[in-house]
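**Student:** what follows is a predicted structure for the sequence shown.
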Amino acid sequence: MIRFFAAHPTASNILMLFMIMLGVYGLPQLKRETFPDFSTKEVEIRVEYPGASAEDIEETICQRIEDALDGLSNLDELRCEARENISISVAKMQDARGADFNDFFNDIKIEVEAIDNFPDLVEAPVIKQLNKNDPVVSVAVI
């Protein structure tokens with residue numbers, strides 16, 4: 001192929017013009033975004049319980065959060081991770097038409113804040129949206 005284009009320089013120029021024309025033709029269909037469209041579909045619930053083991057966290061925190069969010073509309077998945085001193089629950093919203101994430105977030109917040117049978121040493125739950133601000137670059141200056 002290289003020998004052919006070396007012997008016929010006009011053919012290589014025609015091929016180059018053809019490729020440029022294809023690029024110009026495809027340019028209007030090229031997707032361009034300054035800020036990418038990303039939508040959050042997950043809510044994180046962190047509850048700290050100082051001095052508690054992972055088993056205690058599972059029984060006193062995770063089970064109660066799961067029971068409170070069990071009948072929630074548009075709830076696709078609920079994961080709860082019990083560690084020493086902290087419980088981290090993540091609720092994922094279904095990809096349904098007409099489902100509003102703000103309503104989903106407010107429903108979770110209302111249900112979790114309504115739980116009144118946590119142990120006395122449990123701190124207030126921290127409820128936040130996940131993937132809202134993912135770090136793209138981190139810079140360390142030494």
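**Tutor:** Thanks, I have the structure now.
**Student:** and the lengthiest helix in the chain, what does it pack against?
**Tutor:** Ordering each helix of the chain by length in residues (DSSP state H) puts helix 9-26 first. Identification of packing neighbours for helix 9-26 by 3 or more Cβ pairs under 8 Å, 6 or more residues apart in numbering; DSSP states H and E yields helix 2-7. For the C-beta atoms, the positions are set from N, CA and C on the backbone; glycine is no exception.
**Student:** and the helix it packs on, what's buried?
**Tutor:** For helix 2-7, the buried set under the neighbour-count rule, 16 or more other Cβ atoms under 10 Å, is empty.
**Student:** kindly report the same for stretch 50-63.
**Tutor:** Across stretch 50-63, burial judged by 16+ other Cβ under 10 Å covers Ala52, Asp56, Ile57, Glu58, Thr60, Ile61, Cys62.
**Student:** what's the end-to-end length of that stretch?
**Tutor:** Distance across stretch 50-63, first residue to last, is 18 Å (Cα to Cα, to the nearest Å).
**Student:** show me the contact partners of it.
**Tutor:** Contacts of stretch 50-63 with the rest of the structure, by Cβ atoms under 8 Å, 6 or more residues apart in numbering, involve 47, 49, 80, 82-87, 89, 118-119, 121-123.
**Student:** counting by contacts, list what the helix or strand just after the longest helix of the chain packs against.
**Tutor:** Scanning forward in sequence from helix 9-26 by DSSP states H and E, the next helix or strand is strand 42-48. Other elements packing on strand 42-48 under the criterion 3+ Cβ pairs under 8 Å, 6+ apart are strand 86-93, helix 101-113, strand 126-129.
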